[in-house]
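# sequence-free structure coming up:
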């Protein structure tokens with residue numbers, strides 16, 4: 001397409017041809033840039049809902065790689081780039097959550113193993129040590145991890161059983177006995193909860209300076 005107007009007729013033919021070629025090349029480049037940007041937009045759209053899966057990770061990485069391959073001009077034409085950055089952030093969040101969940105589960109399973117190792121409760125130092133080790137390990141868990149310990153009742157039952165042995169011995173020797181029903185009240189877990197409840201009833205004090 002040639003420009004209209006008298007000024008166009010005053011330009012030498014060689015320059016006219018050059019101008020037309022330049023305009024055509026510019027239009028072709030702009031079209032190519034737009035197509036390249038649209039191709040990347042399609043890859044970003046294809047990410048869809050972000051999940052902590054290899055498939056979702058692959059889509060995000062593919063879109064990022066395609067975007068990075070664009071020229072500076074082409075990158076500016078990508079209208080949904082923010083969707084890509086949001087997807088990357090979401091995947092990081094899901095990865096962190098999954099890793100924490102796995103760590104919590106492993107910690108809980110380690111304590112379950114110590115509880116299982118108690119075995120048959122006997123009135124011996126060895127049995128007492130196993131029970132105390134399991135209790136200490138359980139108390140070291142976070143609240144979330146404690147909820148994952150499926151055999152916690154086995155630990156409590158072992159503590160009750162061992163206290164029965166202690167009370168039987170005290171009865172035999174005439175010493176003061178500890179009622180069976182109060183055994184659990186002696187655990188650090190109960191004491192911790194009791195202190196927490198007592199603390200919640202006190203006026204709040206600011207620690208800020």
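Looks like it arrived, so ask away. Here the structure is a predicted model, which is why all the values come from computation and not from measurement. Numbering: from 1, shown residues only.
# Grab the most central residue of this structure for me.
For the chain, residue 97 is the residue whose C-alpha lies nearest the centre (CA atoms, centre = their mean; 1.3 Å).
# Name the helix or strand for that one, please.
In this assignment (DSSP states H and E), residue 97 forms part of helix 81-116.
# and that helix, what does it pack onto?
Judged by 3 or more CB pairs under 8 Å, 6 or more residues apart in numbering; DSSP states H and E, helix 81-116 is in contact with helix 13-45, helix 54-68, helix 125-139, helix 143-147, helix 152-173. Backbone N, C-alpha and C define where each C-beta goes, glycine included.
# again, only this time at 7 Å
Contacts defined by 3 or more CB pairs under 7 Å, 6 or more residues apart in numbering; DSSP states H and E place helix 81-116 against helix 54-68, helix 125-139, helix 143-147.
# of those, which approaches residue 110 most closely?
helix 125-139 (7.0 Å; CB to CB).
# where does this structure dip in pLDDT?
The chain contains residues with pLDDT under 70 at 1-18, 175-209.
# how about the nearest residue to residue 134 once chain neighbours are set aside, what does it touch?
Nearest non-adjacent residue to residue 134, counting by CB to CB, 6 or more residues apart in numbering: residue 114, 4.2 Å away. Residue 114 is in contact with 133, 134, 137, counting by CB atoms under 7 Å, 6 or more residues apart in numbering.
# for the last one, what are its contacts?
When contacts are counted by CB under 7 Å, 6+ apart, residue 137 is found next to 111, 114.
# which phi and psi does residue 140 have?
In terms of degrees, to the nearest 10, the main-chain angles of residue 140 are phi -80, psi -10.
# brain fart, residue 119
Per degrees, to the nearest 10, the backbone of residue 119 is at phi 60, psi -150.
# separation between it and residue 113?
As judged by CB to CB, to the nearest Å, residue 119 and residue 113 stand 12 Å apart.
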